[in-house]
Every structure is written in C-alpha cells, then in structure tokens.
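A.B. asks: what's the 3D shape of this:
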Amino acid sequence: MKTEAMIRAVQQNLDIEVDGRAGPQTWGAIYQAIVRPRATPSVAFTGPRDHANARSERLIATLLPHVRPYARALYFKARDNGISINIISGTRTYAEQDALYAQGRTSAGDIVTNARGGYSNHNFGIAFDIGVFSGNRYLPESPLYKAVGALGMELGLEWGGNWKTIVDQPHFQLRPAWAGDMTDRAMLAELRRRTQQGEDIA
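C.D. replies: Prediction:
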C-alpha cells in the first residue's frame, strides 16, 4: 500500500478530514488515539507553588475544585520550560457563552466559537484558556502554544489544538472520569443533564 493511501486509511479510521497528507490534525488525532494516557494523572502541589499569580487565580477559582490543580500544574510546568503563561478564561455562564457565540455573527468581531450557551465545556467548570506572554505583552499567536499544548497533554488534559473544526490552541479541559470514551456531543449532553438535575459533574 502506498504512503498516501495508508494516510487516507488512517484519517478515515480516525474520523478526520481525509486528504492523504500527514499534517498537524492527523498527528494530533493519532496522539489522542494511541499515546493519550488511559488514566488521568493525579496532580497536586504543596508549598509555595500552590498558587499561580493573582490574575490567573481569579479565573482558576471559577473552575471545579478537582480541575484547579491541573490549571496550576500547567501554569508552573510551562514556566519551568521557559514559557510565561496566564490563565485568561475560566468558567462562563450560558449568557456569557451566547454573547461570545454572537461575536462575528450578530455582533462585531471575529468568530471565535461554534458553541452556544450550554454547548461549551467552559459552562461546566472543566475548561480554561491560557495566554502566552512576553513580559507583560500578550501574544495571541505564537508557536509556544503548541509547546504548552504538549505539556498539557502530559498532565492528562485535553487540548483544543487537536480539535477538528475551530482549532483552539489556548484551550484545555479535564474530561470527567465518567465520560471515558464518550464523544464530545454525548459528554456535553450529559453535563447539561447533570447540571439541570443538580447532580455532581465530577
């Protein structure tokens, strides 16, 4: 079998765009399918590195308690590798998500999300976005986002840089243990149901 035909077969099996070229989307999907840890590592810090800076901590505090240590772990892991990041988005209300969804559609700005309120992992306290900084200057685009993405996956986080539609390199999320190998759509439906019923999301 020729290389292009093999790549096409792999892409079809992974349910991603089939073009016969092994680009970032293909390699990311292969990583998720093969290399991704089966069990999420346990993350905890003790001592002076318990907390990120005040700006990041304000947003980390909006996340579910079991997700917060992972956001802090990524913060410090990036800095240990010479990359300065801050947490720049945490949990959003449905209304905040709807306003973000309207951006580039019915309000000014570029389209930044395909998710309405209730259809984003940010609505349930399991997702956060990071920003890469050079000193105090925010870098909306940088190859360093890919490096942070790899660090996040090492921690057991899912990375938006591997998404198939809107690639979201600043985005990280911690899949609930019960979600296992659920599709994102099924997981979000269960998150909405549990939220409506007042059940534990974790």
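
A.B. asks: residues in contact with the most centrally placed residue in the chain?
C.D. replies: The centre of the chain sits closest to Phe172, judged by CA atoms, centre = their mean, with a distance of 2.1 Å. Residues in contact with Phe172 (CB atoms under 8 Å, 6 or more residues apart in numbering) are 70-71, 74, 127-130, 152, 157-160. Where C-beta positions appear, they are placed from N, C-alpha and C, glycine not excepted.

A.B. asks: same check, this time on Gly149
C.D. replies: Contacts of Gly149 by CB under 8 Å, 6+ apart are 159, 161-162, 169.

A.B. asks: Repeat the analysis, applying 7 Å as the threshold.
C.D. replies: By CB atoms under 7 Å, 6 or more residues apart in numbering, the residues touching Gly149 are 159, 161, 169.

A.B. asks: gap between it and Ala61?
C.D. replies: According to CB to CB, to the nearest Å, Gly149 and Ala61 sit 24 Å apart.

A.B. asks: What is the three-state secondary structure of the residue nearest to the centre of the chain?
C.D. replies: Classification of Phe172 using DSSP: H, G, I helix; E, B strand; the rest coil returns strand.

A.B. asks: ok, and the helix or strand in the chain with the lowest average confidence?
C.D. replies: helix 24-30 (a mean of 63; mean pLDDT, DSSP states H and E).

A.B. asks: So which residues of the protein form strands?
C.D. replies: 84-89, 127-134, 137-139, 158-159, 171-173 (DSSP state E).

A.B. asks: Pick the most deeply packed of those strands.
C.D. replies: Highest mean neighbour count of the strands of the chain: strand 171-173, a mean of 26 (counted as mean count of other CB atoms under 10 Å).

A.B. asks: That one pairs with which strands, and in what direction?
C.D. replies: Its sheet considered, strand 171-173 pairs with strand 127-134 (antiparallel), strand 158-159 (antiparallel) by DSSP bridges.

A.B. asks: Mean pLDDT for these - can I get that in JSON lines?
C.D. replies: As requested, these are exported to JSON lines (pLDDT from 0 to 100):
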{"stretch": "strand 127-134", "mean pLDDT": "98"}
{"stretch": "strand 158-159", "mean pLDDT": "96"}
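
A.B. asks: Distance to Asp80 added to the ones you listed, as TSV?
C.D. replies: Compiled in TSV, the strands paired with strand 171-173 are given as follows (distance: least, CB to CB, whole Å):
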stretch	distance to Asp80
strand 127-134	15
strand 158-159	18
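
A.B. asks: In terms of residue numbering, what are the domains of this structure?
C.D. replies: Structural domains assigned to the chain are 1-35, 41-197, following automatic domain parsing.

A.B. asks: Can you say which of those is packed in most?
C.D. replies: Counting by mean count of other CB under 10 Å, domain 41-197 has the highest mean neighbour count of those, with a mean of 16.
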